[in-house]
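> What would the 3D arrangement of this be:
(one chain, ligands or ions: 1)
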Amino acid sequence: MIPLVKPIFGKKEKQLISEVLDSGIVASGKYVENFEKKFAKLSKAKFAIACSNGTTALNSALLACGIKTGDKVITTPFTFIATSNSILYCGAKPIFVDINPKTYNIDAKSVEEILKKEKNVKAVICVHLYGLPCNMDQLLKLKKKYKFVLIEDACQAHLAKYKGKTVGAIADVGAFSFYATKNMTTGEGGIVLTNNSKIDFLARKIINHGRTAHYEHDMLGYNFRLTNICAAMGLAQCEQIEKWTKQRISNAKKLSEGLKNLDFLVTPVVPKGYTHVFHQYTLRITNGLRDEFMKYLKDNGIGCAIHYPEVVYKQPLYKKLGYENGLCPIAEQAVKEVVSIPVHPSLTNKDIDTIIKVIKGFKK
Ligand SMILES: *Cc1c(COP(=O)(O)O)cnc(C)c1O
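Take a look at the predicted model:
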């Protein structure tokens, strides 16, 4: 079986985790601080605030930007549920807009249509889905015109670049996840990234019970802190992430070359000036046989999965909140056609050749 995901751990992770255990300081501490500094530097941002996971990073980012009960926040329905749940946690209302059918990312034109007619839109969360940056120029232009907070959900996009800029702190604030399946991992973990010192100051308080001084708290905060144990892992992973990213990009290139000109599928698009870091390498199966294709891949030893099998607003929770079907037809079509295949850095050239050969054999 060629697995869809494979986290990589080396001697460095074990060494640093061991150091933490020997130090006796296993909760917050120096390793967390160093991890924040290291990830900020890698991402070319001023400030990083480590969190317990990507969801709490998103939640903290929204709260630090002042999102509160009654506010409206625009986002994509073609993402992991955490993106819009983080809006609900603030008491705000997610407004879903459709995606671009080629990039799968939020469509700026549809965002503007909502901005024209809806009052009280305080923020937009764009998701750099599968590791491909959103069209930030278009979104930043809208931000200037309509004045809202622009938040990047970069949970799948470590070190992805848009026109030379590393994602996460291109807009006001960004959130990353270090969940086990992401491009780098701390088991569970996340980080808020920003160049804005006020957002940094607030996010840091929010993740730590609104603490101002020892046992003094002036706002409602949470315990969203990362541990030294996780940060130790993260520090070790930071040393590899650039190499792994190059490998993902190179694997994706080989896959796209080998799979071109097949009439039943579409390979991922990488617009000029974008660096896609291929958290997922996602095909679109256009002949209506996606589920058969997946069974065929699995029968032939190739791991695959659907990201995502349903648009967020069709989840039972969101239906209960009153969202109706048909809101975003392009996203509703995509959930029926997409399938992700292995692209992780542990793939060998032989694995890639096997994947290409098997896929070419579908329905011959
Ligand atoms: C993984 C992910 C999250 C949530 O991160 P967790 O660390 O699992 O909480 C949010 N948004 C997107 C797009 C993700 O892929």
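> so how far is Thr185 from the closest residue to the ligand within the chain?
Closest residue of the chain to the ligand, Cβ to the nearest ligand atom: Gly54 (2.4 Å). (Glycine included, C-beta is placed from N, CA and C.) Distance check for Gly54 against Thr185: by Cβ to Cβ, to the nearest Å, it reads 11 Å.
> do the same with His214
32 Å.
> for the spatially closest residue to Leu255 that is not a sequence neighbour, what are its contacts?
Nearest non-adjacent residue to Leu255, counting by Cβ to Cβ, 6 or more residues apart in numbering: Tyr281, 5.9 Å away. Residues in contact with Tyr281 (Cβ atoms under 8 Å, 6 or more residues apart in numbering) are Tyr130, Asn251, Ala252, Leu255, Pro268, Ser340, Ile341, Pro342, Val343.
> what about 6 Å?
Contact analysis of Tyr281 by Cβ atoms under 6 Å, 6 or more residues apart in numbering lists Ala252, Leu255, Ile341, Val343.
> Okay, and the first one sits in which element?
With the criterion set as DSSP states H and E, the secondary-structure element containing Ala252 is helix 241-258.
> Give the buried residues for that helix.
If you call a residue buried by 16 or more other Cβ atoms under 10 Å, then helix 241-258 has these buried ones: Ile241, Trp244, Thr245, Gln247, Arg248, Ile249, Asn251, Ala252, Lys254, Leu255, Ser256, Gly258.
> about what we covered before: show me which of His214 and Thr185 is the more surrounded one.
Using other Cβ atoms under 10 Å as the criterion, His214 and Thr185 rank with Thr185 on top: 21 against 5.
> strand partners of the helix or strand bottoming out on mean pLDDT in the chain, parallel vs antiparallel please.
The weakest-scoring helix or strand in the chain, judged by mean pLDDT, DSSP states H and E, is strand 211-213 (a mean of 91). With DSSP bridges as the test, strand 211-213 is paired with strand 216-217 (antiparallel).
> Tell me which helix or strand comes right after the strand it pairs with.
Criterion used, DSSP H and E; the element after strand 216-217 is helix 228-238.
> now for that next one, which elements pack on it?
Applying 3 or more Cβ pairs under 6 Å, 6 or more residues apart in numbering; DSSP states H and E, we find helix 228-238 packed against helix 11-23, helix 30-42.
> now the last one, how far from the chain's geometric center?
Between the centre of helix 30-42 and the centre of its host chain there is 19 Å, according to Cα atoms, centre = their mean, to the nearest Å.
> Quick one: mean pLDDT for the following helix or strand past that helix?
Going down the chain from helix 30-42, the next helix or strand is strand 47-51, by DSSP H and E. Mean pLDDT, strand 47-51: 98.
> Is the ligand within reach of strand 47-51?
No. Using Cβ under 6 Å from any ligand atom, strand 47-51 stays clear of the ligand, coming no nearer than 8.7 Å.
> Mind listing residues that contact that strand?
Under Cβ under 6 Å, 6+ apart, the answer for strand 47-51 is 32, 35-36, 39-40, 57, 60, 190-194, 200, 203-204, 207, 224, 226.
> same question, stretch 284-292
Against stretch 284-292 from outside (Cβ under 6 Å, 6+ apart): Phe264, Leu265, Val266, Phe293, Glu337, Val338, Val339.
> Would you reformat those residues as TSV and include pLDDT and distance to the ligand?
What follows is those, written out as TSV (pLDDT from 0 to 100; distance: Cβ to the nearest ligand atom, whole Å):
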residue	pLDDT	distance to the ligand
Phe264	97	27
Leu265	97	23
Val266	98	21
Phe293	98	23
Glu337	98	19
Val338	98	14
Val339	98	17
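> on that earlier part again, same list, the contacts of strand 47-51, but only the ones touching the ligand.
Gly190.
> what about burial for the contacts of strand 47-51, which qualify?
Buried subset of the contacts of strand 47-51 (neighbour count, 16+ other Cβ under 10 Å): 32, 35-36, 39-40, 57, 60, 190-194, 200, 203-204, 207, 224, 226.
> Quickly run through the sheet partners of the longest strand anywhere in the chain, with directions.
Counting residues, the longest strand in the chain under DSSP state E turns out to be strand 121-127. Applying DSSP bridges, strand 121-127 is found paired with strand 72-75 (parallel), strand 149-153 (parallel).
> Just give the number of residues close to Ala27.
Using other Cβ under 10 Å, Ala27 has 11 other residues around it.
> Any regions of the chain where pLDDT drops low?
Within the chain, the stretches with pLDDT under 70 are 364.
> what does it put close to the ligand?
53-55, 79-80, 82-83, 127, 153, 155-156, 177, 179, 190.
> and which of those residues is nearest to Asp351?
Using Cβ to Cβ, the shortest approach to Asp351 within the residues of the chain next to the ligand belongs to Gln156, at 21.8 Å.
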